[in-house]
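Asker: Structural data only, the sequence is not supplied:
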């Protein structure tokens, strides 16, 4: 296939519009490369596209329009186009949607732009003020770096007019600078932290794999606090030495602040960032510099996997078991699996790091498909916490309280010792249900079949499915009786209230993603807590994800049974992972840690496995059970969700699909349903679900594509296919 098209040649352009096919255009004046990002006419509009290959020429050439212009961006590489095609084929996603995922850069079509930046000039101002002194101090602290007006004003805590006044006197220089600059060079030979014998062995093994410049995946399994980060940062260093790019995926934006500090300490500069917490300007810069080779190392959320890397040599998926790596709307993909696919196509190494790996990863390592490296002891003087179950059947606890006397006594002991405690409850908000004590009505969302959650901090009820909010009513919407609405069950805000009453002199902080207006505010709160600004931390799943609180020595899990409810095939695995992860927050420096799990089922096999620490036995038993059932990772599953505002239409479509299952029966697959989805209405749309189960080697995607194509989808009906579903709502 030619890699350059001359003016007038026919080119096939894939656009980001949902057309389902590649369109023919004429190459513009000056021609264009294969993979070039272009602007093309589509009806009366101008849309973004990518040159995907030569045109087909099966249309009247006289009517074929020309590409309007080639955008100022590095062309998409052959391997990236192949990756998008493979990922689209695996997830049954139309290619325009895959291209949208790979072009999520604001201002991609804008010409190169300049901006005003400010750096330290010479001399001192004629009139000295505190505000002016703060501006000068901020610039001098960063040793000659330049900042935008907004950045400098925010850093110094002044208005922009203070900076402008210093510009007039030459104390601050105002310069024009390109918007999209390369990132500072990282130094892979800068000394890192001293490694333990375990860590050094693991780092050496990863270094060997990277030097081979071939594909491979390694499970890096280490107990919490064992220093997995330091090991894979050495793998990043080896990748940079070889002139290749590295990507580290993190499951939570709040983790990036501490991680960036560690990267800067190791390499002398910060990497590029790609997640929803960075500005649009920085996202554009990151996308462009990755494509041009001006970013050696990227730290990001799952979508960073679709950045246009020039020479990707390493992908690290940190906390690889985390469910946030599965995208649940739009393009339905699992970033862990797509990382392995992308690396296999670029001759890169993948490191899947976790203290509690997913069963899929554990099984691949057990079968020899992935290498495995174990870190068995905590770094430095820290030791693994003791873990104990508190049998709630024998605790004297009123029905409106959630902290048992035994746990409360342990918290008091930590406060007296100047140490921190964490009370963990995986429920956001104040209470999961609000019920009327006069008529029994539970307040639900107007647009979903879900109960609204009271958020007392916001003074509103919130639907956790669609995001709908409304003020907390004074009277029951059903019986109109006033003063009878009552919260039922605990959320972290309610737990915070109880904690403040039990420990009136303690400093209590609630860590929940919905209590912070921005990622920056959440990061700042985590830093303050790590520095000792709280005696008791109350948190949701957010706190289980890799944070390091040096003074934290006690973890109390309020409801260890919560995840064991329901019919999710991964319920046991996820409960095990979450409890082990959150317990691992305790005792991460010198002081020994203790984790207390409040449970009404201390004899449950999962609770027993958590307490015993016999992880390999748990994984082996769980694997054997899944294998007997023929479910992932020993079988294949797909979820089909149908939705419509009309409940009859959606059930009719489900029944038609169930009857037309010939393509699936031919590969030995079974269809279950249609049945109402567990949450049967979201945003006013009724939802019906079918589940498909097949043998591991069955050609599932081809059969699914043929199956869903046999039933036309019209009007307001929607159909989505989720390969390897992680949740079953």
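Answerer: Cool, the structure landed. Computed from a predicted structure; not experimentally measured.
Asker: residues of stretch 678-695 that come out buried?
Answerer: Along stretch 678-695, these residues count as buried under the neighbour rule (16 or more other Cβ atoms under 10 Å): 679-682, 685-694. Using the backbone N, CA and C atoms, a C-beta is placed for each residue, glycine as well.
Asker: how close does residue 264 sit to residue 17?
Answerer: 41 Å (Cβ to Cβ, to the nearest Å).
Asker: again, but for residue 412
Answerer: Shown here: residue 412 relative to residue 17, a distance of 62 Å by Cβ to Cβ.
Asker: just residue 370 next, same as before
Answerer: Using Cβ to Cβ, we find residue 370 at a distance of 39 Å from residue 17.
Asker: Same check on residue 11?
Answerer: Separation of residue 11 from residue 17 (Cβ to Cβ) stands at 17 Å.
Asker: For residue 363, grab the count of nearby residues.
Answerer: Burial measure for residue 363: 20 neighbouring residues, criterion other Cβ atoms under 10 Å.
Asker: Where does it fall, secondary structure wise?
Answerer: In this assignment (DSSP states H and E), residue 363 forms part of helix 359-366.
Asker: what does that helix contact?
Answerer: With contact meaning Cβ atoms under 8 Å, 6 or more residues apart in numbering, helix 359-366 is reached by 217, 219, 320-321, 336, 352, 354, 357, 370-372, 570, 573, 619, 622-623, 626, 632-634.
Asker: Mind checking which of those residues are in helices?
Answerer: When these are checked against helices using DSSP state H, the ones located there are 336, 573, 619, 622, 623, 626.
Asker: ok, now which ones touch the second one?
Answerer: Applying Cβ under 8 Å, 6+ apart to residue 573 gives the contacts 358, 359, 622.
Asker: Is the residue of the chain most remote from its centre in a helix, a strand, or coil?
Answerer: With distances taken from the mean C-alpha point of the chain and given as Cα atoms, centre = their mean, the most distant residue is residue 126, at 50.3 Å. Under the three-state scheme (DSSP: H, G, I helix; E, B strand; the rest coil), the conformation of residue 126 reads as coil.
Asker: Need the phi and psi values for the residue nearest to it when sequence neighbours are not counted.
Answerer: Nearest in space to residue 126, with sequence neighbours left out and distances taken as Cβ to Cβ, 6 or more residues apart in numbering, is residue 169 at 6.3 Å. Recorded main-chain torsions at residue 169 are phi -90, psi 0, according to degrees, to the nearest 10.
Asker: Ok, residue 526 next?
Answerer: Backbone geometry at residue 526, expressed as degrees, to the nearest 10, gives phi -70, psi -40.
Asker: Now do the strands in the stretch 301-450 of the chain.
Answerer: With DSSP state E, counting those that start in this stretch applied, the stretch 301-450 of the chain shows strands at 312-318, 349-354, 371-375, 386-391, 420-424, 433-436, listed in chain order.
Asker: ok so, going back, in terms of neighbours, single out the busier of residue 412 and residue 17.
Answerer: Taking other Cβ under 10 Å, residue 412 and residue 17 do not tie; residue 17 has more neighbours (17 against 14).
Asker: Which secondary structure state does the more buried one sit in?
Answerer: Under the three-state scheme (three-state DSSP), residue 17 adopts coil.
Asker: repeat for residue 221
Answerer: The local conformation at residue 221, judged by three-state DSSP, is strand.
Asker: So what's the residue count around it?
Answerer: For residue 221, the tally of surrounding residues (other Cβ under 10 Å) stands at 24.
Asker: right, and it touches residue 354 too?
Answerer: Yes - in this structure, residue 221 sits in contact with residue 354. The criterion is Cβ atoms under 8 Å, and the distance is 6.4 Å.
Asker: sorry, back to before: among the strands of the stretch 301-450 of the chain, which comes closest to residue 652?
Answerer: Counting by Cβ to Cβ, residue 652 lies closest to strand 433-436 out of the strands of the stretch 301-450 of the chain; the figure is 33.1 Å.
Asker: Return the mean pLDDT over the closest one, rounded to an integer.
Answerer: Averaged over strand 433-436, pLDDT sits at 79.
Asker: Give me the average confidence score over the helix or strand that that strand is followed by.
Answerer: Counting by DSSP H and E, the next helix or strand C-terminal to strand 433-436 is strand 453-455. Summarised as a single mean, pLDDT over strand 453-455 is 78.
Asker: rewinding a little: of the ones in helices among the contacts of helix 359-366, which is the nearest to residue 451?
Answerer: residue 573 (26.2 Å).
Asker: Please tell me how far that closest one sits from residue 387.
Answerer: With distances defined as Cβ to Cβ, the gap from residue 573 to residue 387 amounts to 18 Å.
Asker: Ok, residue 492 next?
Answerer: Residue 492 sits at a distance of 22 Å from residue 387 (criterion: Cβ to Cβ).
Asker: Among the two, which residue is more densely surrounded?
Answerer: Set side by side, residue 492 and residue 387 show more neighbours around residue 492, with 27 against 21, by other Cβ under 10 Å.
Asker: What backbone torsions are found at that one?
Answerer: The phi/psi pair for residue 492 (degrees, to the nearest 10) reads phi -70, psi -30.
Asker: pLDDT at it, what is it?
Answerer: Per-residue confidence for residue 492 comes out at a pLDDT of 80.
Asker: and what of residue 489?
Answerer: Among the per-residue scores, residue 489 holds a pLDDT of 69.
Asker: Check residue 142 too.
Answerer: In this prediction, residue 142 carries a pLDDT score of 69.
Asker: biggest strand in the chain by residues?
Answerer: The residue-count maximum for a strand in the chain (DSSP state E) belongs to strand 670-682.
Asker: just how off-centre is that strand within its chain?
Answerer: Remark: strand 670-682 is offset 26 Å from the chain centroid, using Cα atoms, centre = their mean, to the nearest Å.
Asker: How about stretch 241-255?
Answerer: 13 Å.
Asker: buried set for it?
Answerer: For stretch 241-255, the buried set under the neighbour-count rule, 16+ other Cβ under 10 Å, comprises 244, 245, 246, 247, 248, 249, 250, 251, 252, 253, 254, 255.
Asker: ok, of the residues you listed, which one's closest to residue 563?
Answerer: The closest of the buried residues of stretch 241-255 to residue 563 turns out to be residue 251 (Cβ to Cβ; 17.2 Å).
Asker: where does that closest one fall, phi/psi-wise?
Answerer: In this entry, residue 251 is assigned phi and psi values of phi -80, psi -10 (degrees, to the nearest 10).
Asker: Now it: closest residue in space that isn't a chain neighbour?
Answerer: In space, residue 251 comes closest to residue 322 once its chain neighbours are excluded; the distance is 3.7 Å by Cβ to Cβ, 6+ apart.
Asker: Residue 224 too?
Answerer: Beyond its immediate neighbours in the sequence, the residue positioned closest to residue 224 (Cβ to Cβ, 6+ apart) is residue 584, lying 2.7 Å away.
Asker: Tell me how many other residues crowd that neighbour.
Answerer: For residue 584, the number of neighbouring residues by other Cβ under 10 Å comes to 24.
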